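In: 3D model of this:
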Amino acid sequence: MQQVSNEIRVRYADPAVNAVLSAIGDQTMPVSRHFSQSEDFFLQLEGEYTVPHLPVHHDVRVPVPSQDYLSTVVRIAEQVARLAPQVLEGLTYFFDPAEILRPCFFQVFRVAPERGGTEGVHH
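Out: You can find the predicted model right below:
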């Protein structure tokens, strides 16, 4: 993701990951919110899941991830969609080569400009 002059440019969005996300309905599953002793936030879900290994090294000049990486992100998204669909509901995936260990998800909100204000500027 590159931010230039108040815009975020999404370079690569994977159709397989986004198909998993778009299939999520409005169902919610029970989750509880917690903090670890080191103040890391986490959700406790009703079932077990496995977070597969994501590669540590990636050439940040390569704008498209490998198929192995994308398969892993699909598996993670499928598990979260099954156990806590509300976490991913309405989101879209994109690949940021600089954030290989953190799959990126976003949702676009359109906000009407305030009278006499500038669109997109909120305090």
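In: Please identify the helix or strand for the residue sitting nearest the centre point of the chain.
Out: For the chain, the residue nearest the mean C-alpha position is Phe105 (2.3 Å; C-alpha atoms, centre = their mean). Assessed by DSSP states H and E, Phe105 sits inside strand 104-106.
In: quick one: strands adjacent to that strand?
Out: Its sheet considered, strand 104-106 pairs with strand 92-94 (antiparallel) by DSSP bridges.
In: Pull the residues that contact the strand it pairs with.
Out: 1, 10-14, 17-18, 21, 73, 77, 103-108 (C-beta atoms under 8 Å, 6 or more residues apart in numbering). Where C-beta positions appear, they are placed from N, C-alpha and C, glycine not excepted.
In: Who are the contact partners of the residue nearest to the centre of the chain?
Out: So Phe105 contacts 21, 88, 91-94 (C-beta under 8 Å, 6+ apart).
In: could you give me the average pLDDT of stretch 105-117?
Out: Averaged across stretch 105-117, the pLDDT comes to 80.
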